[in-house]
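In: need a structure here:
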Amino acid sequence: MRDYPIEKTRDIGIIAHIDAGKTTFTERVLFYTGVSHKIGEVHEGAAVMDWMEQERERGITITSAATTCFWIPTYHNLDKNFEHRINIIDTPGHVDFTAEVERSLRVLDGAVVVFDGVAGVESQSETVWRQADKYKIPRICFINKLDRMGASFEKSFQSILERLTPNAVKIQIPIGLEEEHRGIIDLLTQKARAFEGKFGEQIVEIEIPTNMLEEVKKLHKELVEKIVEKNDILMERYFAGEEISTEDLKKTLRKAIINYEIIPVFCGSALKNKGVQYVLDAVVDYLPSPLDLPPVIGHDPKTDAEIVIKPDDSAPFAALAFKLQTDPYVGQLSYFRVYSGVLEAGSYVLNSITGERERISRILRMHANTREDVKSVYAGEIAAIVGLKNTHTGETLCGEERPVILEKIEFPEPVVYMRIEPKTKQDQEKMGISLRRLSEEDPTFRIKTDTETLETLISGMGELHLEILVERMKREFKVEANIGKPQVAYKETITAGAEAEGKYIRQAGGRGQYGHVKIKVKPKERGEGFKFINSIKGGAIPHEYISAVEKGVKEAIDKGVLAGYTLVDFSAELYDGSYHEVDSSEAAFKIAASMALQEAVSRAKPVILEPIMKVEVVIPEKYLGDVAGNLNSKRGQIENMIDRGSGLKTIEAKAPLAEMFGYVTMLRSMTEGRGSFTMEFDHYAVIPQNIAQVIIEGRK
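Out: Numbering: from 1, shown residues only. So this is what the prediction gives:
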């Protein structure tokens, strides 16, 4: 039997821009829910959820950490009947670790989005918001850091309305800002609260300041009207002059939040222990349990027919493995979310992607990097399995009686690569194993061998991403390596259609080699990837050689035609060819296909693509001209300049990644160390001809 009913389960993520205070917020949650008995501070390197050495040294979250806690809403006075289980994933804010956010959001039912009360919406806030939109995740906003100098609840709230969603609604407003921030006012109940005691654990009702009474009444009326708009019966009662109970308002508000019609905004200061308990109340009151969301749709691996997966313990088992992690004590862990049925230790499950059976030896409930053995997990729960041999990120585990494939997780392509080589012969074998382990954990980390130089290339989402992975290799796997400078991961594509034929004929006594194919290539929209189309009719090429043709095409894609970069965003159609009854072979067709593709691409006006980054620079106003001019000189396009208050300006721009290496040092020297910037991948674009020529010459 499950120890917690599914309707009292919440699977949530904490998401935000870097430095908005996610981990500080989560540390308070662990303290107030009794999981930890002291508060670990990020700036002291003692946060429970930042357990990796690099996280503690750098003061940033690198890997998403999962934990389970229990909460009784503050208004129920510790009545155990109202206790809820909350499974929390604290995600990274740095753009280089966006894959961690992507895979966490894929399996969560709700999210708390944390904002810096000084900066409001920042670039990565928009990225995580779009990721949450993609998975249709109901969310709660928490405007944090209202104790900081320059904090403005109103400006931060307006930035949410303007840059993220018009559906944001104030549920609370702060009493005082900066040093005078001392509590919050709940607009639904029109009550003011202060947080006392060493860690803000004592919540005290106080008088609403007289200078705020009118504003509170006005905002309460606006809030009630926005809620009753979502319920025809309540609207009729409200306009008939009837008083609507708080309970009825909360029920309607909950429905509206789950349907993405209202995004509630809360406020406080996690560092100063103000407001966190009320966000926990809101998680229980307003965010969905697995039962409140539409059932998940899977597909039959054989027929591709839709299968409806309901969050029901009695249904066949179905779960998604969303994260792999190497644990120094127990080996490889596979985190998974159960969508239906029950998983028991000692049982067998089917990996519906690979078709292989996996034995479930141990199941763990994780708390950051500590663990608790459990015998079974139920629908709606998140846990980890020890020692799965053939299961990777995004693959489905299911019962053998009902094979099903759940929607996979899509990850962005890496944009930076570097060369890496082992320092000694002993390191050589260990390096291969450690790189493979790290790439299994992180789908945005790729390993490739340069076919010409036989050097190992590693690629990822940014300089910091690769730097941390190399550090992990040294610390966790004890492998010493030399690394090259970060390089841009250029790509190639075509801008016109073309066709070509490839003939591979060799005769040298005995059986010869014969392969002959005709291929058409056509450009596709940016980001659409590659598609192989087989249009052979009438047996011009026997069916058994088609897969060899596809392999040859894909091998040619990796080499490119201009400068040896991977070809993307086009289709290759096999439309004709011929074969020899004796001399044809898979190897001959593979080589012929590779020749045909390279010839067709070289006729199709190929171009080189470069990654364009979305850049956000925050600087004191007096440096605006110098920094803007410098960005223009780096082929940057400035799109917006925003006044941040306190004499600060934000420049929003798009710039090629190739021009942005080492920008942090340049920015510091231009602004006397007072400027900061964030950068994330936006899209690939055709590189100017003069720069493309330099790249091609450099690759020869």
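
In: Name the spans of the chain whose pLDDT lies under the cut-off.
Out: Within the chain, the set of residues satisfying pLDDT under 70 comprises 36-65, 92-98, 328, 367-370, 451-452, 508-510, 700.

In: center of it, which residue is that?
Out: Nearest to the mean C-alpha position of the chain, counting by Cα atoms, centre = their mean, stands residue 102 at 2.2 Å.

In: residue contacts, that one?
Out: By Cβ atoms under 8 Å, 6 or more residues apart in numbering, the residues touching residue 102 are 131, 409-412. Yep, even glycine has a C-beta here, placed from its N, CA and C like the rest.

In: Please pick the buried ones from those.
Out: Buried members of the contacts of residue 102, counted by 16 or more other Cβ atoms under 10 Å: 131, 409, 411.

In: So what does the nearest residue to the second one once chain neighbours are set aside look like in phi/psi?
Out: Taking Cβ to Cβ, 6 or more residues apart in numbering, and ignoring the residues beside it in sequence, residue 409 has residue 394 as its nearest neighbour in space, at 4.3 Å. Residue 394 has phi and psi values of phi 90, psi 0 when expressed as degrees, to the nearest 10.

In: Ok, residue 557 next?
Out: Dihedral angles (degrees, to the nearest 10) for residue 557: phi -60, psi -40.

In: now swap in residue 389 and tell me
Out: Taking degrees, to the nearest 10 as the convention, residue 389 sits at phi -90, psi -40.

In: secondary structure class for the spatially closest residue to it that is not a sequence neighbour?
Out: Distances taken as Cβ to Cβ, 6+ apart place residue 358 nearest to residue 389, at 6.8 Å, with adjacent residues excluded. Under DSSP: H, G, I helix; E, B strand; the rest coil, the three-state class of residue 358 is strand.

In: same check, this time on residue 128
Out: From three-state DSSP, the assignment for residue 128 is helix.

In: any idea how far the nearest residue to residue 402 once chain neighbours are set aside is from residue 88?
Out: Excluding its sequence neighbours, the residue lying closest to residue 402 (Cβ to Cβ, 6+ apart) is residue 316, at 3.8 Å. Using Cβ to Cβ, to the nearest Å, we find residue 316 at a distance of 28 Å from residue 88.

In: Looking at the two, which one has more neighbours?
Out: residue 88 (25 against 17; other Cβ atoms under 10 Å).

In: From residue 101, how far out is the more buried one?
Out: For residue 88 relative to residue 101 (Cβ to Cβ), the value is 14 Å.

In: List the residues that are in contact with both of the two.
Out: Joint contacts of residue 88 and residue 101 (Cβ under 8 Å, 6+ apart) are residue 13.

In: so which of the contacts of residue 102 would you say is closest to residue 562?
Out: residue 412 (23.5 Å; Cβ to Cβ).

In: Doesn't the closest one lie inside a strand?
Out: No. In this structure, residue 412 is coil, not part of a strand, as judged by three-state DSSP.

In: Might one say that it is in contact with residue 461?
Out: Yes. In this structure, residue 412 is within contact of residue 461 by Cβ atoms under 8 Å, at 6.9 Å.

In: Show me which residues of the strand or helix carrying residue 157 are buried.
Out: Assigned by DSSP states H and E, residue 157 belongs to helix 153-163. Neighbour counts using 16+ other Cβ under 10 Å place 153, 155-157, 159-160 of helix 153-163 among the buried residues.

In: next structured bit after it?
Out: Defined by DSSP H and E, the subsequent element after helix 153-163 is strand 168-170.

In: after that following strand comes which helix or strand?
Out: Following strand 168-170 toward the C-terminus (DSSP H and E): strand 172-175.

In: ok, then the element right after that next one?
Out: strand 183-186.

In: Would you give the sheet partners of that following strand, along with the direction of each?
Out: Sheet pairing of strand 183-186 (DSSP bridges) gives strand 172-175 (antiparallel), strand 191-196 (antiparallel).

In: ok, now how distant is the residue nearest to residue 409 from residue 575?
Out: 33 Å.

In: likewise residue 181?
Out: Using Cβ to Cβ, residue 181 is found at 69 Å from residue 575.

In: again with residue 360
Out: Residue 360 is 48 Å from residue 575, by Cβ to Cβ.

In: cool, and residue 639?
Out: For residue 639, the distance to residue 575 equals 43 Å [Cβ to Cβ].

In: Of these two, which one has the most company?
Out: Taking other Cβ under 10 Å, residue 639 and residue 575 do not tie; residue 575 has more neighbours (15 against 11).

In: That one contacts residue 536, doesn't it?
Out: Yes. Under the criterion of Cβ under 8 Å, residue 575 makes contact with residue 536 at 7.2 Å.

In: Nearest residue to residue 273 in space, please, no chain neighbours.
Out: Closest to residue 273 by Cβ to Cβ, 6+ apart is residue 200, at 2.8 Å.

In: need the contact list for that neighbour.
Out: 28, 272-274, 276.

In: likewise residue 287?
Out: Here residue 287 is in contact with 10, 12, 109-110, 138-140, 257-258 (Cβ under 8 Å, 6+ apart).

In: With respect to residue 589, which of these is nearest?
Out: Using Cβ to Cβ, residue 109 comes nearest to residue 589 of the contacts of residue 287, at 48.9 Å.

In: and the gap between that closest one and residue 190?
Out: 30 Å.

In: okay, the two: which has more neighbours?
Out: Higher neighbour count among residue 109 and residue 190: residue 109, with 24 against 15, using other Cβ under 10 Å.

In: from what I can see the more buried one touches residue 291, true?
Out: No. Counting by Cβ under 8 Å, residue 109 does not reach residue 291; the two are 9.8 Å apart.

In: what lines up beside the longest strand anywhere in the chain in the sheet?
Out: Longest strand of the chain, by residue count under DSSP state E: strand 606-620. Note on strand 606-620: by DSSP bridges, its sheet partners are strand 491-494 (antiparallel), strand 648-656 (antiparallel), strand 676-686 (antiparallel).

In: where along the stretch 201-350 of the chain do the helices fall?
Out: Ranges of helices in the stretch 201-350 of the chain, per DSSP state H, counting those that start in this stretch, are 213-228, 232-239, 246-258, 276-286.

In: Make TSV from those helices and add mean neighbour count and distance to residue 171 to it.
Out: Formatted as TSV, the helices of the stretch 201-350 of the chain follow (neighbours: other Cβ atoms under 10 Å; distance: least, Cβ to Cβ, whole Å):
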stretch	mean neighbour count	distance to residue 171
helix 213-228	16	7
helix 232-239	14	17
helix 246-258	18	8
helix 276-286	22	7
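
In: Out of the ones you listed, flag the one nearest residue 77.
Out: Nearest to residue 77, of those and by Cβ to Cβ, is helix 276-286 at 12.7 Å.

In: ok so, going back, could you count how many residues lie near the residue nearest to residue 389?
Out: Residue 358 has 21 nearby residues by other Cβ under 10 Å.

In: Would you confirm that it contacts residue 388?
Out: Yes. Residue 358 lies in contact with residue 388 (Cβ under 8 Å); the separation is 5.2 Å.

In: Contacts only, for the residue nearest to residue 389.
Out: Counting by Cβ under 8 Å, 6+ apart, residue 358 has contacts 348-351, 388-391, 397.

In: and residue 292, how far is that from residue 320?
Out: For residue 292, the distance to residue 320 (Cβ to Cβ) stands at 19 Å.

In: same thing with residue 208?
Out: Distance from residue 208 to residue 320, by Cβ to Cβ: 47 Å.

In: With residue 613 instead?
Out: In terms of Cβ to Cβ, residue 613 sits 31 Å off from residue 320.
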